[in-house]
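Asks: Sequence and predicted structure are below.
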Amino acid sequence: MENLNLLLTHIKKIIKIFPIKKVQLFKDEIVIFIKTSLLLDLLVFFKYNLLCQYKILVSISGVDYIKKKKRFELAYDLLSIKYNNRIRIKISIDQLQIVESCEKLYISAGWYENEIFDMFGIFFFNHSNLRRILTDYGFEGYPLRKDFPLSGFIELRYDDSQKRIVTDFIQFSQEYRKFEFLNPWK
């Protein structure tokens with residue numbers, strides 16, 4: 001708690017340097033909302049500043065809010081071993097926006113950025129080897145987007161006559177039904 005109070009006073013000073021949108025305290029962890037253009041500068045500051053020293057990037061995660069104008073939200077979780085606390089930096093982007101890669105700053109970002117690219121289709125500028133790592137080579141679409149169909153586009157099955165695995169395009173025999181959960185008798 002003492003480190004947290006020290007960090008909160010330090011965050012007040014950081015707000016004067018960086019135009020931060022919003023600061024939130026959630027379960028003794030600080031969440032900072034910033035513009036995408038400030039991401040790399042803020043990550044450098046948090047890693048090398050003597051009062052922060054967030055030397056470890058724990059994860060980068062993404063969320064798709066399909067109804068928002070800026071549809072995707074990325075959260076960068078940083079850990080300071082020296083001060084024994086964590087901080088989360090969040091950015092919001094639309095589906096065509098490009099994010100600057102932090103792979104050269106945090107080596108672990110390489111995997112996370114590939115995963116987010118593969119699952120959401122978010123492109124990371126200056127990434128050394130941005131590619132699909134969880135889906136197949138010919139896979140079309142991005143599975144964690146809210147507009148991706150639940151059944152996918154193709155089906156893999158074993159064909160006994162050909163003695164091999166074949167891929168078929170999925171054909172729906174009827175349109176999806178819409179279910180009304182309101183009582184029709186009212």
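Replies: Noted; the coordinates are in hand. Residues are numbered from 1 along each chain as shown.
Asks: May I ask which helix or strand of this protein has the lowest mean pLDDT?
Replies: Between all helices and strands in the chain, the lowest mean by mean pLDDT, DSSP states H and E belongs to helix 2-17, at a mean of 74.
Asks: now for that helix, which elements pack on it?
Replies: strand 22-26, strand 29-33, strand 85-93 (3 or more Cβ pairs under 8 Å, 6 or more residues apart in numbering; DSSP states H and E). Using the backbone N, CA and C atoms, a C-beta is placed for each residue, glycine as well.
Asks: ok, and what's touching the longest one?
Replies: Counting by Cβ atoms under 8 Å, 6 or more residues apart in numbering, strand 85-93 makes contact with 3-4, 7, 28-36, 39, 42-43, 46, 52, 54, 58, 68, 70-80, 99, 122, all of which sit outside it.
Asks: Would you mind measuring from the residue nearest the centre of the chain to F124?
Replies: Centroid check for the chain by Cα atoms, centre = their mean gives G62 as the closest residue, at 2.0 Å. From G62 across to F124, the span is 11 Å (Cβ to Cβ, to the nearest Å).
Asks: and if you look at L39?
Replies: As judged by Cβ to Cβ, L39 and F124 stand 11 Å apart.
Asks: shared neighbours of these two, which are they?
Replies: Counting by Cβ under 8 Å, 6+ apart, the residues touching both L39 and F124 are 99-100.
Asks: Name whatever forms a beta bridge with the residue nearest to the centre of the chain.
Replies: For G62, the beta-bridge partners under DSSP bridges are L74.
Asks: what stretches of this structure score poorly on pLDDT?
Replies: Counting by pLDDT under 70, the chain contains low-confidence ranges at 1-4, 151-152, 171-186.
Asks: Could I get the full set of strands for it?
Replies: 22-26, 29-33, 56-64, 72-80, 85-93, 99-100, 124-125, 154-159, 164-169 (DSSP state E).
Asks: tell me the angle the least confident helix or strand of the chain makes with strand 22-26.
Replies: 170 degrees (axes from the mean of the first three to the mean of the last three Cα atoms, to 10 degrees).
Asks: now F139, nearest residue through space, not along the chain?
Replies: In this structure, F139 finds its nearest non-sequential neighbour in R132, 6.6 Å apart by Cβ to Cβ, 6 or more residues apart in numbering.
Asks: got it, and I91?
Replies: Closest residue to I91 apart from its sequence neighbours, by Cβ to Cβ, 6+ apart: T36 at 4.8 Å.
Asks: State the number of residues packed around the one you found.
Replies: Neighbour count of T36, defined by other Cβ atoms under 10 Å: 16.
Asks: Test my guess that it contacts V99.
Replies: Yes - between T36 and V99 there is a contact under Cβ atoms under 8 Å: 6.1 Å.
Asks: Thank you kindly, that will do.
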